[in-house]
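S.K.: mind looking at a prediction? Sequence and model below.
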Amino acid sequence: MKSIGYKTRICVAGAGAIGITLAARLIIGGHNVGLIAKQESVDFIRENGLRLDDTEGRHELEVDIGVAADFHRTDLLFLCSKSHDLPALAQSIAHLIGPDTTVVPVINGIPWWYFDGIDGAREGKTIFSVDPENVLKKIIPSHQVIGTTTVMTAQRIDRGSAVTFNPLQMTIGELNNRRSWRLEAIAEILRQSGITTNIAPRIRDSVWTKVTRNLISNPLTAITGATLRENFGDPYLSDISRKMLYEVLPVVSAYEAKLEVEPEAILEMGKSMGDVKTSMLQDYERGQRLELSSICDAVLELAALERISMPVVQTISNVARFRNVQHGRVTAAQPVAALNGGSGQLELSHNP
């Protein structure tokens, strides 16, 4: 990005709950925004406009919307899709990424870039669960990526409308953990748009904090149908989430990261979110594929590399996977590394 400001050309790729929310807030902030969506959503939004209900009220907005082929190179590109849809999305928007384009993947779970921008034996390693064919690394140069995590409890109402009543927060950081001018510029754009934005000194700490929150709530709520308040308020469900939480802590430490908050605070925060449905529960209710690859499988894959057993996480993931397959959300099997019980022997389980 050679320049940042109101003339910066921004594209948001993906018109789900987060994509709609982010695009709407950027427009409200006065920025030049293009929204990339599937043809059905393009037709709907062109006819009905974009709508966001948030803490400030209702916003009805006009947006420059089209399919990926309708847009050209952009300065700042936000990728807002489910992690399992990201390789296909990247292929469709590859022509938008020029040498000066900065890419901000607004995704759940362990990101494909996790081992990029670091020193050590695992530098550049691929995480099979999230990028099995190395598509993302081939299309999106790592030095053009800004890591991010979000706290956005948004729900899509229809193809052009979303609702969110909790404060919107984002954390951004360079993959090499250095401070940069583009971080400051992107943070300013987001803050102008009403999104509280922090610059992380260690972006992977932020990633693990968000992954942990998702891991101990999303698959379990997809199974039970519980809201966040119910999941963390019910003694039986909260006990399962607590066990999952304490299973992931050794994995976080094994990768020389740390959570940004105390473990018990994560449990309390979940309960305080109220009767909010997790994104995975929303997907289940809509008959859509569950986002297990980056939230569950990638964590299990990283645990297996360090010979760390996660029996409760594995069990809940397996049940969620059964729910995924039972309703025909997926058809192809994808192998995922997992520990065979506590034996320390590596085996391949199948993630349909």
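M.R.: Sure, I can see it.

S.K.: and the helices in the stretch 101-250 of the chain?
M.R.: 135-139, 181-192, 203-215, 218-224, 228-233, 235-254 (DSSP state H, counting those that start in this stretch).

S.K.: now render those as a markdown table, adding distance to residue 291.
M.R.: Every C-beta, even on glycine, is put in place using the N, C-alpha and C of the backbone. Below are the helices of the stretch 101-250 of the chain laid out as a markdown table (distance: least, C-beta to C-beta, whole Å):
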| stretch | distance to residue 291 |
| --- | --- |
| helix 135-139 | 16 |
| helix 181-192 | 23 |
| helix 203-215 | 8 |
| helix 218-224 | 7 |
| helix 228-233 | 16 |
| helix 235-254 | 16 |
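
S.K.: out of the ones you listed, nearest to residue 31?
M.R.: Residue 31 sits nearest to helix 181-192 of all the helices of the stretch 101-250 of the chain, at 6.3 Å, using C-beta to C-beta.

S.K.: kindly reformat the helices of the stretch 101-250 of the chain as JSON lines containing mean pLDDT, mean neighbour count and distance to residue 294.
M.R.: As requested, the helices of the stretch 101-250 of the chain are exported to JSON lines (pLDDT from 0 to 100; neighbours: other C-beta atoms under 10 Å; distance: least, C-beta to C-beta, whole Å):
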{"stretch": "helix 135-139", "mean pLDDT": "95", "mean neighbour count": "17", "distance to residue 294": "11"}
{"stretch": "helix 181-192", "mean pLDDT": "96", "mean neighbour count": "17", "distance to residue 294": "22"}
{"stretch": "helix 203-215", "mean pLDDT": "97", "mean neighbour count": "24", "distance to residue 294": "8"}
{"stretch": "helix 218-224", "mean pLDDT": "97", "mean neighbour count": "24", "distance to residue 294": "11"}
{"stretch": "helix 228-233", "mean pLDDT": "95", "mean neighbour count": "19", "distance to residue 294": "20"}
{"stretch": "helix 235-254", "mean pLDDT": "97", "mean neighbour count": "17", "distance to residue 294": "14"}
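
S.K.: who wins for proximity to residue 114 among these?
M.R.: Using C-beta to C-beta, the nearest of the helices of the stretch 101-250 of the chain to residue 114 is helix 203-215, at 6.9 Å.

S.K.: just the CA trace of that closest one, in CSV.
M.R.: Provided in CSV are the C-alpha atoms of helix 203-215 (Å, rounded to 0.1, in the frame of the first residue of the first chain):
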residue,chain,number,x,y,z
ILE,A,203,0.1,-11.6,16.8
ARG,A,204,0.3,-15.3,17.5
ASP,A,205,-0.7,-14.7,21.1
SER,A,206,-3.8,-13.0,19.8
VAL,A,207,-4.5,-15.9,17.4
TRP,A,208,-4.2,-18.5,20.2
THR,A,209,-6.5,-16.4,22.5
LYS,A,210,-9.2,-16.3,19.8
VAL,A,211,-8.7,-19.9,18.8
THR,A,212,-9.1,-21.0,22.4
ARG,A,213,-12.3,-19.1,22.7
ASN,A,214,-13.7,-20.7,19.6
LEU,A,215,-12.4,-24.2,20.3
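
S.K.: give me the distance from it to the chain's centre.
M.R.: Taking C-alpha atoms, centre = their mean, to the nearest Å, one finds the center of helix 203-215 at 10 Å from the center of the full chain.

S.K.: give me the angle between that helix and helix 181-192.
M.R.: 40 degrees (axes from the mean of the first three to the mean of the last three C-alpha atoms, to 10 degrees).

S.K.: going forward, begin numbering at 30 instead of 1
M.R.: Got it, first residue is 30 now, which makes that one helix 232-244.

S.K.: and the strands in this structure?
M.R.: Counting by DSSP state E, the chain has these strands, from start to end: 38-42, 61-65, 79-83, 86-90, 93-95, 105-108, 131-134, 175-180, 184-187, 190-192, 198-203, 225-228, 363-368, 375-380.

S.K.: noted, bye for now.
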